[in-house]
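A.B. asks: how would this look folded up:
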Amino acid sequence: MQEHLERLNEIAQRIKTMREIMELSPEEMAKEVGVSSQEYYSYEAGEKDFTFTFLYNCAQRFGIDIIELLTGETPRLSFYSIVRKGCGLAMERREGFSYEHLAYRFQDKIAETFLVTAPYKEEEQDKPIQLSRHEGQEFDYILKGELKVQMEDHIEYLNAGDAIYYDSGHGHGMIATGGEECVFLAIVMKEKKGD
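C.D. replies: As a prediction, the model looks like this:
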């Protein structure tokens, strides 16, 4: 727990430092990344655990790799990168969800690749799913279990072998369903810049 809090504070400090380097106020940054000023202050103070969407949007705004926010290091590989089973960069960015970044050593990525484990929680099954938004597109491929996916007002159920590709600028959210955790491959593609 202490290690998690220390890591949280390190990430928060890197975000604050980058914001200051870019001469942005906390209010401007909050607007840029799509959260309230109060929520932004909580993130930057290390009082609130980061969502993937928040970190992704911050990295995009700063023009840096998300790995720099997470580790303080710049990815250096440019030809190829291998990550062995179980050796991805671990992230816990949404309560209970664990993300394993599978390309964290590669620089100038056009996509962020994750192995995601979503825990099954009985109490979530009949509640509205929290929706996120970030620029770009996303591809999710279910490896194990069942995923209940909400795309704006649409609900879909995906099972092992199913895939979904979507514009992540629209509201989207997901939970494991079917009584067990769900493991899926998530590939988040960055917003396409002008040709």
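A.B. asks: Please report phi then psi for the residue positioned nearest the centre of the chain.
C.D. replies: Nearest residue to the geometric centre of the chain (C-alpha atoms, centre = their mean): F52, 2.3 Å. In terms of degrees, to the nearest 10, the main-chain angles of F52 are phi -60, psi -40.
A.B. asks: Am I right that it is in contact with M91?
C.D. replies: Yes: between F52 and M91 a contact is recorded at 7.4 Å, counting by C-beta atoms under 8 Å. For every residue, glycine as well, the C-beta is placed using N, CA and C.
A.B. asks: Give me the common contacts of the two.
C.D. replies: Common neighbours of F52 and M91 (criterion: C-beta atoms under 8 Å, 6 or more residues apart in numbering): Y99.
A.B. asks: Just checking, which helix or strand of this structure averages the lowest pLDDT?
C.D. replies: strand 89-94 (a mean of 75; mean pLDDT, DSSP states H and E).
A.B. asks: Show me what secondary structure element comes after that strand.
C.D. replies: Later in the chain than strand 89-94, the nearest helix or strand by DSSP states H and E is strand 97-101.
A.B. asks: Could you list every helix and strand in contact with that following strand?
C.D. replies: strand 89-94, strand 111-118 (3 or more C-beta pairs under 8 Å, 6 or more residues apart in numbering; DSSP states H and E).
A.B. asks: which of the ones you listed is buried the deepest?
C.D. replies: Most buried of those, by mean neighbour count (mean count of other C-beta atoms under 10 Å): strand 111-118, with a mean of 20.
A.B. asks: for this structure, which spans come out with low pLDDT?
C.D. replies: 1, 92-95, 192-195 (pLDDT under 70).
A.B. asks: domains of it?
C.D. replies: As recorded under automatic domain parsing, the domains making up the chain are 2-71, 89-189.
A.B. asks: okay if I get those domains as a markdown table plus distance to L77?
C.D. replies: Shown next, in a markdown table, are the domains of the chain (distance: least, C-beta to C-beta, whole Å):
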| stretch | distance to L77 |
| --- | --- |
| domain 2-71 | 11 |
| domain 89-189 | 5 |
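A.B. asks: and S78, which of the ones you listed is closest to it?
C.D. replies: domain 89-189 (5.4 Å; C-beta to C-beta).
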